[in-house]
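Participant: sharing a sequence plus its predicted fold:
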Amino acid sequence: MLQAVGEAMYQAMEADETVVVYGEDVVGGAGLGEPYEGAMGGTFGATRGLFHRFGRTRVRDTPISEAGLVGVAVGAAASGIRPVVDMMWSSFTPLAFDQIHNQAAKLRYMFGGQASVPLVLRMAIGAGLGAAGQHSDTLYSLYTHLPGIKVVVPTTPHDAKGLLLAAIADDDPVLFFEHMRLYNTRQEVPEEPYTVPLGSASVTRPGTDVTIVGVSYMAKLALEVAGALASDGIEAEVIDPRTLSPLDSETILTSVRKTGRLVVVDESPPRCSIAADLAAMVSEHAFDALAAPVRRVTSPHSPVPLSPPLENAYIPDAERIRAAVDTVLNR
Amino acid sequence: MLQAVGEAMYQAMEADETVVVYGEDVVGGAGLGEPYEGAMGGTFGATRGLFHRFGRTRVRDTPISEAGLVGVAVGAAASGIRPVVDMMWSSFTPLAFDQIHNQAAKLRYMFGGQASVPLVLRMAIGAGLGAAGQHSDTLYSLYTHLPGIKVVVPTTPHDAKGLLLAAIADDDPVLFFEHMRLYNTRQEVPEEPYTVPLGSASVTRPGTDVTIVGVSYMAKLALEVAGALASDGIEAEVIDPRTLSPLDSETILTSVRKTGRLVVVDESPPRCSIAADLAAMVSEHAFDALAAPVRRVTSPHSPVPLSPPLENAYIPDAERIRAAVDTVLNR
Amino acid sequence: MNVPDRTLLEMFETMTRIRLFEERVTLEYQRGDMPGFVHTYIGAEAVAAGICAHLSDDDLIASTHRGHGHSLAKGCSIAGMLAELYGRETGLCKGRGGSMHIADFEIGMLGANAIVGGSIGLATGGAFAQQVKGTSNVSVSFFGDGGAGQGILYESMNLASIWKLPVIYVCENNGWAESTPASYSQSVEDLSRRADGFGIPGHVVDGADVFAVHKAAGEAIGRARRGDGPSFIEAKIPRISAHYVGDTQKYRDEDDLAAAKQRDPLERFGSELTAAGLLDEAAVEAIRSAIVEELDRGVAAAKADPWPAADGVTDYVYSGAYGA
Amino acid sequence: MNVPDRTLLEMFETMTRIRLFEERVTLEYQRGDMPGFVHTYIGAEAVAAGICAHLSDDDLIASTHRGHGHSLAKGCSIAGMLAELYGRETGLCKGRGGSMHIADFEIGMLGANAIVGGSIGLATGGAFAQQVKGTSNVSVSFFGDGGAGQGILYESMNLASIWKLPVIYVCENNGWAESTPASYSQSVEDLSRRADGFGIPGHVVDGADVFAVHKAAGEAIGRARRGDGPSFIEAKIPRISAHYVGDTQKYRDEDDLAAAKQRDPLERFGSELTAAGLLDEAAVEAIRSAIVEELDRGVAAAKADPWPAADGVTDYVYSGAYGA
Ligand SMILES: Cc1ncc(C[n+]2csc(CCOP(=O)(O)OP(=O)(O)O)c2C)c(N)n1
Ligand SMILES: Cc1ncc(C[n+]2csc(CCOP(=O)(O)OP(=O)(O)O)c2C)c(N)n1
Ligand SMILES: [Mg+2]
Ligand SMILES: [Mg+2]
């Protein structure tokens, strides 16, 4: 997926001169003078090669100043260019929360439609690397709460490329969440640029017995669990919402109206989260179709621990998903 | 309610030397030298008199540096004192979001229980004053999402005093949300210090036909609507959760199991919000009791507008609550 | 003074315009049918006028909660502003923003901002966009002494410095942030000193002296246009107005207020121009009455203008397409 | 040098302890069974040692992602640290934190912090608490050149300055933030210059020279204890280690790394002490072997120690009572 993300940025920059990419270490070596072969290209390598191709005006390393970086992105976006900012990890976006909430999200509205803020903040998310409390948050639920912000959570390389191209072309501020444990997933993706529209979920496996909605990495895990369920004769329909704001409620509701059962899987604390949001939405709008209460499989209401056994307990796993499916089926 | 809040701070400071109060303009005039009769005592006047009584070490004005103020509060709380910080409006807390999320909320956990972070952030919330987009947020849903944070939303003067005293005595970081439109509400409250425990909801009106849960000002409005409903022969049970984290789910569930119907009223955007959280919780745990889908009456997914007709459309009103009650009853 | 007479008179007109606008708004606000909060720019007129005199519609400014003066100096229409203050659909921001969120992107006014320090990131970003696009436009961030308390100022100055962005940081130091005096909230006399630590030239000017402001701004803006990077201008101004309309200022020493009134920038400039023979009583009166007339018309029109329709509450949250 | 011999030897022991700890951790980490990320303090030893030599257990420090050196210098036990690195229940933070979150509140170590700049608010708040409580304890914030990019540094310095808080800001400038050189991310040579704008005395010292660090720290800490307020010390240190264990540093010039290695603070101090007759090969060997033995024991114990129980994942989110 990492490569797909890089390709999307590359193609967006090719197509539109106003697209710029910056962030801490996105070049990674530029400060030394000549473009270095060893340039990092971002903490995870997603921006590798951009500096060499597009040069120092459009691809920049930055100091460690998250609020300033997003502040500049908002002002720049409102002044006619399209910044794509690498925030490294979502856990660092709280430093820029004011710029996201009070500026990026609100300018268009407060100014009666005059302002357009076409920026993208890219960031890694997720536990599982032992990065502990201050690196492993998901945080997309917070941003889904904010009117004016769009929230994208790709799961496959194909979607990552198409969604990022759509996000960069979008005239609203988009937060783009890349799960670290998906970076290594491989998939053939079309070479040419294409977009996946924001606000359209994907049914990644059709089924009739139960609907499983998984967010980000959990959509992948849900698909794996669905495979295992099939050998037990249970046909789970798996849905990857792909974007949380806007949300494609219809695809989810259509599925639940068919299966009558829903499990939502999300690697975030449960309170006021996307899992609660989806559960509430479905419980209201598919009330008569539901044969069992919606079950949520989430992380606990806790920060992310370092120790491997604790971290494993923190992250929703196949077993817990399986158990939730059993619960909704056995009612 | 304003006076009750002030009294709680006063009594907490009387009782415990380690309680300190600071924030922008909490003295309001101290910089000029002698204690001024005209000292503002905070934007809304809640801290009036504290400086005169407790002096300049324990009551301080500050520069406008929200991140720094909360950062200092975290460090100070972790070092043995109890800061009560006036953040003015919740809309300004995003400037300190990193300090709240990555520091205040996580220290105890990351450090394996060594750190205690007994701080309170007080702030005004709510639309209805024409303060527009960057002053009128509620934001408590965001903070309810964060493990390690406690969230308090008092509605009555009595609860405000008791909850604030409990919050200051609490060993965890507490965010305390005061709805501006409640500041003028009057009620006799006991003169002596008392606490209302965090995590206990209050049934403000018993009823049998439908449960209405209102958050903050909306608990007051819900009570008014319930009065009107009664004259139509509809007995609504009204619940004020008082704290969102911890949440007293049992009181809400007990009520819904009795009434079979729930309307949640909240002045916040709906996505990943406390309204969704409560709806999901009840839909799951009172599934069999529910005779109708839970209805949520919330603000739209939008920032707060200035113009009065728009602001009125933004804030949930009696009519919309009434309509929601009708919907859940007429199923 | 090598400033052309025409420019001087324009600045005088702008300053008068701001003053009369604010006086009228104060009056109308006190009448009670203007929603929200209003902070007037009285006493600071020379700053907006002296700086914006150098700017074209392609240059950018970003402003504060006290934004009427900047808006007028940048060229916002009185009618559009008044309609906005009254929350009407005809306002510059269609009534969504009000006093603390007046904006006019057509003429490079990136908005008043109710977050103290909010202008700083925006203006720096505006400058960044100019650099990327290769224009010679500049961007100005206005903020108060209180705004200098926000960390984003230092993050932004650093970025502007290393990237040589065409941005000018204008700190309007009126000695107060609400009830808190600057002497309490900072231990240095001159905030401009802080620019030095970021490799940015800092200047202190008497912000009640439009000549001084105009000169410093000319240099800073010229430098920015030439690609030589950011500057910091600290304009010391008198806080003649209260913090907001309705603020009784009980926390304030009477002497402080009296001293501020002594430094009235408009009176001073008027006397200077009169002494220089560029202005006489009749000319001043002509300027004033034209503005008053515009204000009369503006207030009447705004009050008669339509409110936004209630079902428009979710307009403009997103660009056209929210959802697929 | 008027530093007592005993102090010199203690500092040498501390620096050696840090160096050997980091070398051992690097090795063990590369073996693969240590979770998380590890950033070593190699090259910076003189800073932690020179500063913490002035501190008692009642004084406070707050640290960074590169926190092992500060922890050891403040007095954290090797065994407790290693168990923490291995994520064991016996670790200083019961395995919840790991390398980037080592803390020991008993001895005033307010924690390593994985948010760049995270130490700044914490240490400033720690100093505030001392002032409120009326102690003469001080608080030290360690952060890197990268950390100086964060706005909270300037907000905190301002607060510390107006309130005269007993805090010392120690900027460990190793010239790099991950792959980004300080020469790129700042346009001033000395970050300490920025303290001046907040009325705080700033000092630049050679951070590879423990004498220089110790002296500057003594003055700053004395000043803080006397109630005269904050200081800023910028220690220029060589980045001898890579950013994290595993970082190949391809982005880095070989000359830069070679030059850094030339400035090894431990070698330098060792030679100085040897020249002064305070140390000989045998003494060095005795110090080293005692530490190596402690490390051997610590690693073996940590690896044998119990993991936290999986159902303890929600322990310590709140104090005893979450819920009524
Ligand atoms: C982030 C934030 N904090 C606090 C406030 C409340 N507030 C509004 S104006 C103001 C004082 C601003 O002082 P200054 O920047 O000097 O501007 P002045 O009012 O003097 O023009 C404060 C504290 C706010 N609007 N935003
Ligand atoms: C807020 C935040 N932004 C970015 C990072 C990622 N990061 C970790 S260490 C580091 C470089 C820090 O540089 P410096 O402060 O100079 O410390 P050094 O590593 O050189 O000791 C960065 C960017 C982070 N951990 N926190
Ligand atoms: Mg001011
Ligand atoms: Mg560094």
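Facilitator: Good, I have the coordinates. Ligands and ions are numbered 1, 2, ... in the order given.
Participant: quick check: A:Ser136 touching A:Met123?
Facilitator: No: judged on CB atoms under 8 Å, A:Ser136 makes no contact with A:Met123 at a distance of 12.0 Å. C-beta coordinates here come from the backbone N, C-alpha and C atoms, glycine included.
Participant: comparing these two, which residue is more hemmed in?
Facilitator: Of the pair A:Ser136 and A:Met123, A:Ser136 is the one with more neighbours under other CB atoms under 10 Å in any protein chain shown, namely 28 against 22.
Participant: sorry, back to before: list residues touching both of A:Ser136 and A:Met123?
Facilitator: A:Trp89 (CB atoms under 8 Å, 6 or more residues apart in numbering or on different chains).
Participant: residues near residue 212, how many?
Facilitator: Picking chain A for this. A:Ile212, neighbours per other CB under 10 Å, totals 33.
Participant: wrong chain, I was asking about chain C
Facilitator: 19.
Participant: okay, the nearest residue to it once chain neighbours are set aside: pLDDT?
Facilitator: Nearest non-adjacent residue to C:Ala212, counting by CB to CB, 6 or more residues apart in numbering or on different chains: C:Val205, 4.3 Å away. With respect to pLDDT, C:Val205 scores 98.
Participant: assign C:Val205 to helix, strand or coil.
Facilitator: What DSSP: H, G, I helix; E, B strand; the rest coil gives for C:Val205 is strand.
Participant: got it, and C:Thr16?
Facilitator: Applying three-state DSSP: C:Thr16 is helix.
Participant: quick one: it from C:Leu266, how far?
Facilitator: As for C:Thr16, its distance to C:Leu266 is 7 Å (criterion: CB to CB, to the nearest Å).
Participant: check whether the top strand by length along chain A contacts chain B.
Facilitator: Looking across chain A with DSSP state E, the single longest strand is strand A:82-89. No: legend: contact between strand A:82-89 and chain B by CB under 8 Å from any CB of the partner chain is lacking; minimum distance shown is 10.8 Å.
Participant: and that strand with chain D, contact?
Facilitator: No: contact of strand A:82-89 with chain D (CB under 8 Å from any CB) is absent, the minimum separation being 9.4 Å.
Participant: report the distance from that strand to the chain centre.
Facilitator: Relative to its chain's centre, strand A:82-89 lies at 13 Å (CA atoms, centre = their mean, to the nearest Å).
Participant: are it and ligand 2 in contact anywhere?
Facilitator: Yes: Strand A:82-89 reaches ligand 2 (CB under 6 Å from any ligand atom) through A:Met88.
Participant: residues in contact with the next helix or strand after that strand: which ones?
Facilitator: Toward the C-terminal end, the helix or strand that comes next after strand A:82-89 (DSSP states H and E) is helix A:97-98. Contacts with helix A:97-98, where a contact means CB under 8 Å, 6+ apart, come from A:Ala67, B:Phe92, B:Pro94, B:Leu95, B:Phe97, B:Asp98, C:Ile115.
Participant: how far is helix A:97-98 from where the chain is centred?
Facilitator: 18 Å.
Participant: and it, average pLDDT?
Facilitator: Across helix A:97-98, pLDDT averages out at 98.
Participant: what sits against C:Glu172?
Facilitator: For C:Glu172, the contact set (CB under 8 Å, 6+ apart) comprises C:Ala44, C:Val47, C:Thr64, C:Phe142, C:Phe143, C:Gly144, C:Asp145, C:Gly207, C:Ala235, C:Ile237.
Participant: how close does the second one get to C:Ala216?
Facilitator: C:Val47 sits at a distance of 10 Å from C:Ala216 (criterion: CB to CB).
Participant: in the chain, which spans are strands?
Facilitator: I'll assume chain A. Using DSSP E, strands in chain A cover A:19-23, A:59-61, A:82-89, A:120-125, A:150-152, A:174-179, A:202-205, A:210-214, A:236-240, A:243-245, A:262-266, A:295-298.
Participant: other chain: chain C
Facilitator: C:60-62, C:139-144, C:167-173, C:176-177, C:180-181, C:202-206, C:231-236.
Participant: any idea how many residues pack against the closest residue to ligand 4 within the stretch 201-331 of chain A?
Facilitator: Ranked by CB to the ion, the top residue of the stretch 201-331 of chain A for proximity to ligand 4 is A:Leu306, at 23.4 Å. Applying other CB under 10 Å, we find 31 residues neighbouring A:Leu306.
Participant: distance of it relative to D:Ala112?
Facilitator: Remark: distance between A:Leu306 and D:Ala112 (CB to CB) = 12 Å.
Participant: between those two, what contacts are shared?
Facilitator: With CB under 8 Å, 6+ apart, A:Leu306 and D:Ala112 have common neighbours D:Gly97, D:His101.
Participant: okay, the strands of chain A in CSV with mean pLDDT next?
Facilitator: Shown next, in CSV, are these (pLDDT from 0 to 100):
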stretch, mean pLDDT
strand A:19-23, 98
strand A:59-61, 96
strand A:82-89, 98
strand A:120-125, 98
strand A:150-152, 98
strand A:174-179, 98
strand A:202-205, 98
strand A:210-214, 98
strand A:236-240, 98
strand A:243-245, 98
strand A:262-266, 98
strand A:295-298, 98
